[in-house]
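S.K.: following is a predicted model, sequence given first.
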Number of protein chains: 2
Amino acid sequence: MAERKYRLYGFWRSLATYRVRVALALKGVAAEQVSINLLQGRQHDAEYKAVNPQAVVPALYVDAGPPLFQSMAILEYLDETHPKPPLLPADPRGRARVRGIAQIAVADGHPLVVPRVRAYLEKELKLDEPARNRWCAHWTLKALEAIEAHLAGERETGRYCHGDAPTLADICLAAQVFAAVAYFGCDVKALPTCMRIYGECLKLEAFDKSQPHKQPDAPANPTH
Amino acid sequence: MAERKYRLYGFWRSLATYRVRVALALKGVAAEQVSINLLQGRQHDAEYKAVNPQAVVPALYVDAGPPLFQSMAILEYLDETHPKPPLLPADPRGRARVRGIAQIAVADGHPLVVPRVRAYLEKELKLDEPARNRWCAHWTLKALEAIEAHLAGERETGRYCHGDAPTLADICLAAQVFAAVAYFGCDVKALPTCMRIYGECLKLEAFDKSQPHKQPDAPANPTH
């Protein structure tokens, strides 16, 4: 079988793109990266909407496509097509726990702070910047507090969110903590388990090199 | 193997609980249902937070637990433990498309209209009811427009979102359309494919009997 070609459409500061970069790196999959500048609204260009009609990143071409969309669907695809190392445990209950923790970040925390929501807060609701930042910090922290309750209270927690190898849950946790610390200045003192595991993640090259501010399309001094 | 016992904590009007009810019904799994009245804030009771520390529904006990949480993690668990009928196609690309469509509803549309967000809009941002309804209708419709672009433009679309059998995508689509029509009065004329498939879903007993207003804990004349 000829080796597949991967092309990732994303943006340095996008948390969902960060997730996909980590998964690609953990799987040892090289991908060409195409930067869609969300700060300039390039996701709304007709050229990009032909890639992803939702006008969001990421999107992943595998060979000629059609492109894959939604970060969690992409992560599951990568895990199914590149089983080693696994990003989900083998048992159904464990898989449900990992997916559940991941979804708290992906489906409860992150959707509240994406560019289109922040634009609505500014343009439709006329919120000033401090009020918008309070909104973003509030929901980012709420999701992490929910994850902390699981991680601190459940025996499956190990070096990482579920045992001693990184899973989808760690990928989503890392992006969520990054946002809390680097983008929204959240007070993380009530999140000791999240922060411990985040530290473990950053010891892995796949997480470290995939961080938003280390991407080639990031400015030299990101202002976020 | 002794038959497993299932106990679903949910609420009649919760879209995430609706998804789990449909999946249980499609799989032929009987579950005891426990109603957590979100309108009265019962999800914040200590008794329920011992079930789900995030204070959201649904949560699913399988035998003695620990309880499963997050609707998508529960749906994947049910599909793994009860493979027939499958709720995902067999090929990784098809699985990614189904999960991607599902995630547009679950991770982009629904999180903007959950009770805790509506409470923040009211209590922190002091939005009046018409402004809150505009918010809910806007994001519910945005997600459906993104799903419509996929369904209308892609050859994998069949009687249902992906071919001629219902999948996770249909479950999430049905809940999202229900909210658009029954809760937020969205104008759905730009969603012909979504509405056609929603109609197909409701022909199936598993979807029909799982609808929010048909639940035993729903009021006789739901005001939503």
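M.R.: Everything's here; your move.
S.K.: stretch A:33-44 close to chain B?
M.R.: No. Using Cβ under 8 Å from any Cβ of the partner chain, stretch A:33-44 never reaches chain B; the gap is at least 12.2 Å. For glycine as for every other residue, the C-beta is placed from the backbone atoms N, C-alpha and C.
S.K.: now that stretch: buried residues?
M.R.: Neighbour counts over stretch A:33-44 (16 or more other Cβ atoms under 10 Å in any protein chain shown) mark A:33, A:34, A:35, A:36, A:38, A:43 as buried.
S.K.: other residues contacting that stretch?
M.R.: A:7-14, A:48-49, A:52, A:55-57, A:115, A:215-217 (Cβ atoms under 8 Å, 6 or more residues apart in numbering or on different chains).
S.K.: now do the longest helix along chain A: everything it contacts.
M.R.: Ordering each helix of chain A by length in residues (DSSP state H) puts helix A:129-153 first. Helix A:129-153 is contacted by residues A:97, A:100-101, A:104-105, A:108-110, A:112-113, A:118, A:121-122, A:127, A:157, A:161, A:173, A:176-177, A:179-180, A:183-188, A:190-194, A:197, B:53-54, B:69, B:116, B:120, B:125 when judged by Cβ under 8 Å, 6+ apart.
S.K.: keep only those of the contacts of stretch A:33-44 that are in strands.
M.R.: Cross-referencing those against strands under DSSP state E gives A:7, A:8, A:9, A:10.
S.K.: can you tell me the closest non-neighbouring residue to the second one?
M.R.: Across the structure, with Cβ to Cβ, 6 or more residues apart in numbering or on different chains as the measure, the residue nearest residue A:8 apart from its sequence neighbours is residue A:31 (4.6 Å).
S.K.: what's around that neighbour, how many residues?
M.R.: By the measure other Cβ atoms under 10 Å in any protein chain shown, the count of residues near residue A:31 is 18.
S.K.: give me the pLDDT for it.
M.R.: Looking at residue A:31, its pLDDT reads 97.
S.K.: equivalent analysis for residue A:1, please.
M.R.: 55.
S.K.: show me what the helix or strand where residue A:174 lies is packed up against.
M.R.: Residue A:174 belongs to helix A:168-178 when assigned by DSSP states H and E. Contacts defined by 3 or more Cβ pairs under 8 Å, 6 or more residues apart in numbering or on different chains; DSSP states H and E place helix A:168-178 against helix A:15-27, helix A:71-81, helix A:92-103, helix A:129-153, helix A:192-202, helix A:205-208.
S.K.: residues contacting the residue nearest to residue A:8?
M.R.: Counting by Cβ under 8 Å, 6+ apart, residue A:31 has contacts A:6, A:7, A:8, A:24, A:60.
S.K.: out of those residues, which is most surrounded?
M.R.: In those, the most neighbours by other Cβ under 10 Å go to residue A:60, 29 neighbours.
S.K.: which one is residue A:193 nearest to, not counting chain neighbours?
M.R.: That would be residue A:151: by Cβ to Cβ, 6+ apart, it lies 4.1 Å from residue A:193.
S.K.: pLDDT below threshold where in chain A?
M.R.: Along chain A, segments meeting pLDDT under 70 span A:1-2, A:222-224.
S.K.: verify the stated contact: residue A:127 with residue A:119.
M.R.: No. Using Cβ atoms under 8 Å, residue A:127 is not in contact with residue A:119; the gap is 10.8 Å.
S.K.: so which of those two has more stuff around it?
M.R.: More crowded of residue A:127 and residue A:119, by other Cβ under 10 Å: residue A:127, with 17 against 12.
S.K.: contacting residues for the more buried one?
M.R.: Going by Cβ under 8 Å, 6+ apart, residue A:127 touches A:121, A:135, B:125.
S.K.: give me the neighbour count for the second one.
M.R.: Same thing as residue A:135. 23.
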